[in-house]
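Undergrad: What follows is a predicted protein model with its sequence.
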Amino acid sequence: MGVKQDASFFEDTEPVLIYIGKRLKDSLRLEEIFTACHVEYGVEADEYRGGVIFSSVRTGAFFYVRPEAVEPALEVMRRNGYKPYTGPPPDVK
């Protein structure tokens, strides 16, 4: 069964950022999908820079998986209409 993991789950590896949830509803839905599809993941609130004209620092839900789980997690996301985060870590100043 997939389940949200705490920080100790990632102690011996570098977690991979796969999604930044900008809306609570989308983040909660992705948690339900990962649980139903047996994806083990971590999620934490963090800040990112958003907006084009009115740029500001915002808070989102950052979803992480272990490196060996990246491809299965991304496939689950794509099948459910989520666009994976594939860029560098967001720039927050």
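TA: That came in fine, so what should we check first?

Undergrad: Please count neighbours and contacts with C-alpha atoms only from this point.
TA: Fine.

Undergrad: where does the chain have its least confident helix or strand?
TA: strand 42-50 (a mean of 89; mean pLDDT, DSSP states H and E).

Undergrad: how far off strand 42-50 does the longest helix belonging to the chain point, in degrees?
TA: Secondary structure of the chain read by DSSP state H shows that its longest helix is helix 24-36. Orientation check (axes from the mean of the first three to the mean of the last three Cα atoms, to 10 degrees): helix 24-36 against strand 42-50 gives 150 degrees.

Undergrad: Give me the distance between helix 24-36 and the centre of its chain.
TA: Centroid separation for helix 24-36 versus its chain: 10 Å, with Cα atoms, centre = their mean, to the nearest Å.

Undergrad: That helix: which residues count as buried?
TA: Residues of helix 24-36 classed as buried: Ser27, Leu30, Glu31, Ile33, Phe34, Thr35 (neighbour count, 16 or more other Cα atoms under 10 Å).

Undergrad: my guess is Thr59 meets Arg23, correct?
TA: No - at 9.5 Å, Thr59 does not count as touching Arg23 under the criterion of Cα atoms under 8 Å.

Undergrad: Looking at those two, which is more packed in?
TA: Legend: neighbour count by other Cα atoms under 10 Å for Thr59 and Arg23, higher for Thr59 (15 against 11).

Undergrad: which residues does the closest residue to the more buried one other than its chain neighbours contact?
TA: Sequence neighbours aside, Glu47 is the residue nearest to Thr59 in space, at 4.4 Å (criterion: Cα to Cα, 6 or more residues apart in numbering). Listed by Cα atoms under 8 Å, 6 or more residues apart in numbering, the contact set of Glu47 reads Val57, Arg58, Thr59, Gly60, Val92.

Undergrad: residues near the fourth one, how many?
TA: Pointing back at Gly60 there. 20.
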